[in-house]
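*Asks:* What follows is a protein structure lacking sequence information:
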């Protein structure tokens, strides 16, 4: 059978519900919805091995923030998006301790550039606290690292981050990467936060070694933005909307290799969302207002 592809826990739950009987209850998984700064938030908690098997994801919490209305450019759309991402992230993170933020992905490949671009909007404070402890005593130590990709560095992202963790000794790692969505309307319109770590390269179908507590020795939190849709998954959903069923062999007929679909203006969308996520991390880690963050970054 053809398996539809998604990196979002929210969509994995939807796929399970579509494949199961309507009366069947999804055990080991709890879901809840609320709003933050006017943006809908869906929280999916995978509670046990049964939930892990059902959704194909590790045990933990997954929060999906729907930023669809962000693109309508309404009143205070940017500050509200920053506070929504930052507030949800703050509730996931431990309140104290040095932080290492890792930007995963390929800066030269726009759909995969979310991680590197986000670091451009991050307040880096670790060195300032060391150099001027009195002036920066109120800041949380933050360091950042762009991993690059295996094809240009010859080093797995997990290997590079693990070596840096051993030297920097952060209390936690925040990893940022591009994801793949099942639905076109969720591409560049959602942000997924998780406390389970991440597998670099998920968004572009190039899975590498996982970054999680097992591989790094510290807690790993992830921030993912879906920037692509698998073409076969998109085709299957479109055909099912017409009441048709399609097997994998039919979907793959005439296709030389897997394909990904991304928006025409992906460069602008990724750039804007990277700024939201970068500011959101600053909001979660530092006791600062948005205008103060802007002044310090300038």
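*Replies:* The structure has been received and is ready for your questions. The structure presented is a predicted model; accordingly, all values stated were derived computationally and were not measured.
*Asks:* Please make it C-alpha for all contacts and neighbour counts, starting now.
*Replies:* OK.
*Asks:* what's the neighbour count on residue 104?
*Replies:* For residue 104, the neighbour count with other CA atoms under 10 Å is 28.
*Asks:* so how far is residue 15 from it?
*Replies:* Plainly put, residue 104 is 27 Å away from residue 15 if you go by CA to CA, to the nearest Å.
*Asks:* so where do the strands sit in the stretch 51-200 of the chain?
*Replies:* Secondary structure of the stretch 51-200 of the chain (DSSP state E, counting those that start in this stretch): strands located at 60-66, 99-104, 142-148, 172-181, 190-194.
*Asks:* Please work out which of the ones you listed is packed deepest.
*Replies:* Neighbour counts (mean count of other CA atoms under 10 Å) averaged over each of the strands of the stretch 51-200 of the chain peak at strand 172-181, with a mean of 27.
*Asks:* Show me what that strand is packed up against.
*Replies:* Here strand 172-181 touches strand 99-104, helix 114-119, strand 219-230, going by 3 or more CA pairs under 8 Å, 6 or more residues apart in numbering; DSSP states H and E.
*Asks:* any idea how far residue 172 lies from residue 94?
*Replies:* 8 Å.
*Asks:* ditto for residue 177
*Replies:* Counting by CA to CA, the gap from residue 177 to residue 94 is 21 Å.
*Asks:* go on, residue 284?
*Replies:* On the measure of CA to CA, residue 284 and residue 94 end up 10 Å apart.
*Asks:* quick one: which of the two has more around it?
*Replies:* Set residue 284 next to residue 94 and count neighbours by other CA under 10 Å: residue 284 wins out with 22 against 12.
*Asks:* pLDDT score for residue 87?
*Replies:* Per-residue confidence (pLDDT) for residue 87: 97.
*Asks:* isn't it right next to residue 286, touching?
*Replies:* No: checked against CA atoms under 8 Å, the pair residue 87 and residue 286 is beyond contact range at 11.5 Å.
*Asks:* In the protein, where is pLDDT below threshold?
*Replies:* Along the chain, the model assigns pLDDT under 70 to residues 1-3, 19-24, 201-208, 243-257.
*Asks:* State which helix of it is the longest.
*Replies:* helix 266-285 (DSSP state H).
*Asks:* Next, the buried residues of it.
*Replies:* By 16 or more other CA atoms under 10 Å, the buried positions in helix 266-285 come out as 266, 269-270, 272-285.
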